[in-house]
Every structure is written in C-alpha cells, then in structure tokens.
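1. Build me a model from this:
(2 chains)
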2 protein chains.
Amino acid sequence: MSFSIAEMAKAARKASFSVANLNQQQKNDALEAMAQKLIERTELILAENEKDLIAGKDNGLTDAMIDRLRLTPARIEDLAGALREVAQLPDPVGRISNVNIRPNGIRVGKMRIPLGVIAMIYESRPNVTAEAAALCLKSGNVALLRGGKEALFSNLVIAKCLHEALEEQNIDPNAICVVPDPDRAVMNELMTLSDDVDLIIPRGGEGLIRFVTENSRIPVIQHFKGVCHLYVDSTADTNMALELLLNGKTQRTGVCNALETLLVDKAIAEQFLPLAAKALAEKNVKIHACEQSIGYFEGAEAATEADWDAEYLALEIAVRVVDDFDAAISHLEVYSSGHTEVICTQNYAKANEFTRRVNSAVVMVNASSRFSDGGQLGLGAEIGISTSKLHAYGPMGLESLTTEKFVVQGDGQIRD
Amino acid sequence: MSFSIAEMAKAARKASFSVANLNQQQKNDALEAMAQKLIERTELILAENEKDLIAGKDNGLTDAMIDRLRLTPARIEDLAGALREVAQLPDPVGRISNVNIRPNGIRVGKMRIPLGVIAMIYESRPNVTAEAAALCLKSGNVALLRGGKEALFSNLVIAKCLHEALEEQNIDPNAICVVPDPDRAVMNELMTLSDDVDLIIPRGGEGLIRFVTENSRIPVIQHFKGVCHLYVDSTADTNMALELLLNGKTQRTGVCNALETLLVDKAIAEQFLPLAAKALAEKNVKIHACEQSIGYFEGAEAATEADWDAEYLALEIAVRVVDDFDAAISHLEVYSSGHTEVICTQNYAKANEFTRRVNSAVVMVNASSRFSDGGQLGLGAEIGISTSKLHAYGPMGLESLTTEKFVVQGDGQIRD
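-> Predicted structure coming up:
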C-alpha cells in the first residue's frame, strides 16, 4: 500500500478540530506524557537513530552533519526537558481582546485561535520533530512534519513515541503527523494541499526556503538569511561599540543573528576603526573593507558589492564608513535582509530615529544582535523566524502559530 | 516608451521608506488635500469617466456594470467624504505594545509598522482607486493599484488628482502608483515582483482571486466566498431566529455576509420551520431543502451536496435539519467557508461553546450575519476581508495593513 500525503493531510485537518478544543491542562498533560515517553523509550530511539547514523556515514555526511543527526541519552533528556518547558508556556488560545460595544449594543471582541494544520519542512536534526510537534500542540495546531531523508528512522521512532503518549491521553494521534516517505514528489504534492494545510514553515538553507516559497500554494513563513548590521554612530561609546561588535561577530558565527556588516560613522571612524582592527585581528576575523576603511585593517580585502549582501556565517565581516546617520539608513534600505540591525549611540534623538525608521524584524539600541532570538526576547521556545512582514515578523513563538477571529454577542440585533 | 511594471514597483519601494515615516498630521493633511482636489477637479473627472462609460456601452457591459462604473458629482462628494473619514481614523503606525524587561535589563517591545508596498488588483468600480490609496497612505504604505481595463480613464484621472495633492503636500507622488497598462501580462509580471511588493489584495470574483492565489510569488490576502450559516438551536427564541433569518437572507442579497444556509435543530424544527416557510415565501425566497425539512416548504427543491457549498448571492437559501448541536458543528467543519456563522440560542453553555468551537473569521451569537463588515464591527473603513487565517482573518481595517517589529533598548548588554 503506497503512502498518500493527501490522505495524511485530510486526517490532519480532521484532527485539527478536536486539537483546537483541547484545554490547557489537557495539552500540558499530553506534553508531560510525551516527555516521559521519550525517556522511557531511550533505548529504542537510540537503536533507530543508529540506523540513520550508519546510513549517513555510508552516504558521506560530514562529521558536523553526523553530529547534528546523533541522539544520545543526554540529548533525549534535553529534548524531554524542552517539551516540559513548552508545557510551562502560557497558552495563547482562547484569549479575548479589544472588546468594544457598538452603538446598537452588539459586543465585538477578538479571540485567539489556532491556525489549524501547520506543515514543517526541515533538514537533518531529529529533535526538531519533537520540538515542533510540542509547539504546535500547545498552540492547538496539528503538526504535519516532513523531515530530512537522513533522519527518517529517528523521526519515525520519535513519532511513534509521541503517538503512544497521545493515545494514552485520549488525543487523536493524527495531532502529530510525520511524513514517512522522504521522496521529493511527496513534498511537492504537500505544497499544493491548500484545503487541508494552513501554513508551511520551511527550516533549512536559503535554497530550500526559496524552493518552497516559489512552489507552494499554501502561505509560507520565509526566513531567507540574516545579514545583521551594527551601526556605530558618531556619538557611540567606543568601548561599548567594541563589545557589541565582538559579541555580535565572534560569540557564535554560524547563526543568523551574528553580525555580518559593520557601518561606522565618518565622524568616529578615526577613533573607532583602529580599536576595531586590533580586536578583530586578535579574533582572526577576515575583513572586507570599503575604500575609506581599508587602510585601518592589515590584510583586509577590498569590499565588493556582493559583500554588502553577504551572510558569511564565519569569522568574516564587511566594513563600511558612512557619511552620516542618513547614509547609514540609506545603506540599510538597500541591503537590509529584514532580520536584525543595531545602532550604538549615546544620542537620544538618533536612538529613537533609528528605532523608528529601520523596519527590520528586530531593531536594537546598544544591545548585541545575538539577543535576536525567541528565548532571549522572552517568547519562550521559538518555532522559527520570519524576515517577511506578513503574519509574523521576527522570532516566532506560540502566538505566531495562532490568529484571531471576531466574536460577536448580540441580543437579536438586525441591520437596518 | 513602453510601460514597465518592474520600474513602477521599484519606485513604489523607494517611496515606501519616506511614506512609512510620515507622521499622523502629514498623512491627515494629505488626505484632506486629496479630498479637496477630487472635488475641485469634478468636471475633469466626469469627462474622463464619460470615456469609460462610452467604451463600456460599446463593449456591451450590463446596466449594472455601467452603474458601478459611473461617477457623478454626488458620488465624487461621497468619495471625498470617505477620504476625510479615513483621516479621522486612528493611525496604527508607531504604537508600542508588550514591553517587557528581560533579566539582563534589555527592554523588549513590539512596534507597529507599515507593510511597505501593497498591490491591489480589482475590477470595475473607480472609487476603489481613491479609497484604497487613502487606506494605504493612512497606514504608512505605498499603494500599487491595478484596476480593471473598463475603468482605466477614470482610474488614471483620479490618480492624477491624488498626485497633485501629494505634490502640494511635499509627499513623493509614488506613494500612490496606478498601473496605466491593463494588459494581463503586466498583472502577471506584477505577481512575481516579490522584492518590491509585500502583499497583494485581489478584490473581485472567485476566479480572479484563485488566479492570483495560484500564480503569485507574493503573499495574497484571500477571500474566496461567504457561505454564511444561521444555526437555530433547540432553545432559540423563534421570533428572534426569524428576524435573524430574514435580515441575513433578504436585507441585501448580493453581498458576502448574506446568509446562504439555515441549519435547524431537530428539536425545534417542527416549531420553527412552518414560521420560516411562511416568512421566506412572503419574500419569494427559493428553498433548497434537505429530506427532513422539504415537507415544510411549498415548491422547495431537494437540496444536493452542491447546495451546502453554494454562495447564491440571490433570494435562495439551503435548509438542513441537524440532529443536535454537535451535528451543526460537524456540518460547519465540512462546509464553512471561513466567513461568518451565527447561532441563535437562549442557552448560555451553547452560546459559549459555539463561539469557542466554530473557527470562522466572524462567529456571532444572536446577531445578524449582515454585521460582518469592517464598519459595523468598528474597524472604520474596510480594505477587504480575509477568509484565510494567515496575517489577517475577517474584515480588514488599517491595522491589517501593518505588522509589528521587535524594538530592543539596551545599555551595552552582550550575550554570554
């Protein structure tokens, strides 16, 4: 019998009606049961994960990829812990806001509700399977999960454990659907099932995200890349600027909230750039510098147009001297990736104007770009990050997996 | 020189940065200037409109279509009045909410910002050109407007008036872009310009909306159809139910918030259906009835599966007797169009359960479905209505044309 993604999506839609109506306690109990089940089944999970690891080595995965694929007893405990943390988060579903009474006496409010069925398309890490399922469940949604081929055994055994837990809690196991067929044709068909799937969240490289965006009939949350900027204004505290620069660029490099471009106001360049050059050199950061700054950096390469768009995800940074505040804003209007931009300044008006005029998903004054993630910003767990403005913008927590309907209470009012 | 939609979209993107930063007073002054200019230019507008009317008659437009196309001095005054009403609406841009202080002292909030460039694709009524432009401007967005071929002269002369007003107010005239080339190829290219256009709102028939949804690379606000239901619960006040039924079905028929299906609880059918049959007969409403109800209606047709999905937009209604509350909910889970559903009940628990379990965009207790529009629900002017849950759900006012970014204020915090 061959697998049908259309049938799976229909089952997911059907389950979505009961999942949307679980109360907080039911959802939290289910999350606790899921966490316990993963720990109880540690041996089974490791045995299935081993099959993926062996196949991965045979297929020439890099050590880094194998490491991301690998589960260990400690990692399974962490995963269970992550599920328990999701249980601790406040449930957004059912909250009513903006209630107002119209002249004719009808009472109008907005009630937060789940989106319905959320498909995730992701690559190798099998813990995403359990984490995404947990976030969808807590927000009253059904998760339809299509992980990478290389993690298939791991994803399926995790799904099996989660299903056991759901059944023990009398919840429709189709609340969590894991696609068992990694064929690309199945993914392509999934992207057409707009009657039964409400949202697709792709997580992975820019290529995957562009492919999904261009081919999906279902709304897609997009996160192409993070080219985060630090603008050192003429009034910046240079010590603070230096700390923000080093933290943003070197504390962790392979992440989307790492700094990729340094903009320095001309008025402070002579004071700041020698300090920056020394500090970056000590950290072995490769420099792509504009004409006005290249003289400060030993061994720097001349920046080209491509550098202003580059997401290095490595110990590399582009540096540009800008004439003034407006020139910094103009640079951002052209090159911002919509992710995170930081100004370092002591000036009140410039702090406010930067905050107002720069419309990236996260705009910061005197703080490290590395804070641009759901946990650091106080959302709790993060399901993804959006760099397009529709529906959600920036790090997405539980509330981003919901929408609001209008609720109206009347006493028989009719329209004239 | 041929027209380039890509160039127009680039100009729109460029203008979006300054439009996003206009303050309330600047936007309100511009709206007032736009209103005045339309009135001052009444003669010119009527002359251009006449060209569309003549062409429309030559091309065999129906009288109803010609009427929607026609501008008169009174209609131009109404249009100016609509622009002045938009000026009175509160400006959503810049509002900060959800501020919280993280353990490390950074202050995190969300600030409401414009989406950027909003494209509208619509059919014949030329007043949409001015109204949509006004709503986009008030919410800090650039409007990129592609109206129907049959209204082209009218749309272009309205655009000319609005541009004159913008220039007098020192606002980039590209804040309002009207596509001068009605060729379908231009529209098709527009739908690919995802770098410069943030959202597409199609307004028109289901065919247009499906075409845009299936072909756009840009997020689309969808509103396919409104199959609104009235469920008469076993505890309903039958007089109230009758009023809601007649108002919903007959007060205006060609609109998406008119009733299309009546669900009647079995326990009240014998009491309610004879009243409903008499009242609907007096209004000449054609009935498509289920097996259990057909006996009550003289001259009714037997309902088929297609009737449960039908948006009649006419004096026609589908009627179905359901076994109980859960059966009514089950009917809605299958046939709801996501627009508006009403319960008529005197029972507290059922009112609450219906409100909670039915996840259409607007869910009402004891009120007419005809209240399901932006003005009636208190949003002020309405730019459209969404029946898909992403970004906006239900009638869309100014706030639906905005999103929120994270704003962070620190004192030099870095991440450990």
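
2. What is the least confident helix or strand in chain A?
-> Ranked by mean pLDDT, DSSP states H and E, the weakest helix or strand in chain A is helix A:206-215, scoring a mean of 88.

3. which other helices and strands contact the helix or strand just after that one?
-> Tracing the chain past helix A:206-215, the next element assigned as helix or strand by DSSP states H and E is strand A:228-232. Packing partners of strand A:228-232 (3 or more C-beta pairs under 8 Å, 6 or more residues apart in numbering or on different chains; DSSP states H and E): helix A:238-250, strand A:259-265, helix A:325-335, strand A:340-344. Glycine gets a C-beta too; all of them are placed from N, C-alpha and C.

4. count of neighbours near the residue in the stretch 251-400 of chain A that chain B sits nearest to?
-> The minimum distance from the stretch 251-400 of chain A to chain B, using C-beta to the nearest C-beta, falls at residue A:367 (2.9 Å). The local packing count at residue A:367 equals 31, with neighbours defined by other C-beta atoms under 10 Å in any protein chain shown.

5. my read: it touches residue A:247, true?
-> No. No contact is recorded between residue A:367 and residue A:247 when judged using C-beta atoms under 8 Å, the distance being 9.6 Å.

6. what's the overlap in contacts for those two?
-> Between them, residue A:367 and residue A:247 share these contacting residues under C-beta atoms under 8 Å, 6 or more residues apart in numbering or on different chains: residue B:414.

7. Quickly check: the strand ranked longest in chain A near chain B or not.
-> Under DSSP state E, the strand in chain A containing the largest number of residues is strand A:402-413. Yes. Strand A:402-413 lies within reach of chain B by C-beta under 8 Å from any C-beta of the partner chain, at A:403-413.

8. In PyMOL, how would I select the buried members of those?
-> For the buried members of these, the matching PyMOL selection, counting by 16 or more other C-beta atoms under 10 Å in any protein chain shown, is:
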select buried, chain A and resi 403+404+405+406+407+408+409+410+412+413
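
9. Specify the local secondary structure of residue A:321.
-> strand (DSSP: H, G, I helix; E, B strand; the rest coil).

10. any idea how far it lies from residue A:350?
-> From residue A:321 over to residue A:350 the distance is 17 Å, taken as C-beta to C-beta, to the nearest Å.

11. picking that back up, for the longest strand of chain A, name the packing helices and strands.
-> In terms of contact count using 3+ C-beta pairs under 8 Å, 6+ apart, strand A:402-413 is assigned the packing partners strand A:107-114, helix B:238-250, helix B:348-357, strand B:362-367, strand B:394-396.

12. Packing partners of the longest one?
-> Of the remaining helices and strands, those touching helix B:238-250 by 3+ C-beta pairs under 8 Å, 6+ apart are strand A:402-413, strand B:228-232, strand B:259-265, helix B:266-282, strand B:340-344, strand B:362-367.

13. and the last one with helix B:348-357, angle?
-> Just to be clear, that refers to strand B:362-367. Here the directions of strand B:362-367 and helix B:348-357 differ by 160 degrees (axes from the mean of the first three to the mean of the last three C-alpha atoms, to 10 degrees).

14. Strand B:340-344 and strand B:362-367, what's the angle between them?
-> Using the same axes, to 10 degrees, the interaxial angle of strand B:362-367 with respect to strand B:340-344 works out to 30 degrees.

15. Contacts for strand B:362-367, please.
-> By C-beta under 8 Å, 6+ apart, the residues outside strand B:362-367 that reach it are A:106, A:405-414, B:240, B:244, B:339-345, B:351, B:354-355, B:371-372, B:377, B:394-395.

16. re earlier: direction included, what does the longest strand of chain A pair against?
-> Here strand A:402-413 has these sheet partners by DSSP bridges: strand A:107-114 (antiparallel), strand B:362-367 (parallel).

17. Out of those strands, which is closest to residue A:137?
-> strand A:107-114 (9.8 Å; C-beta to C-beta).
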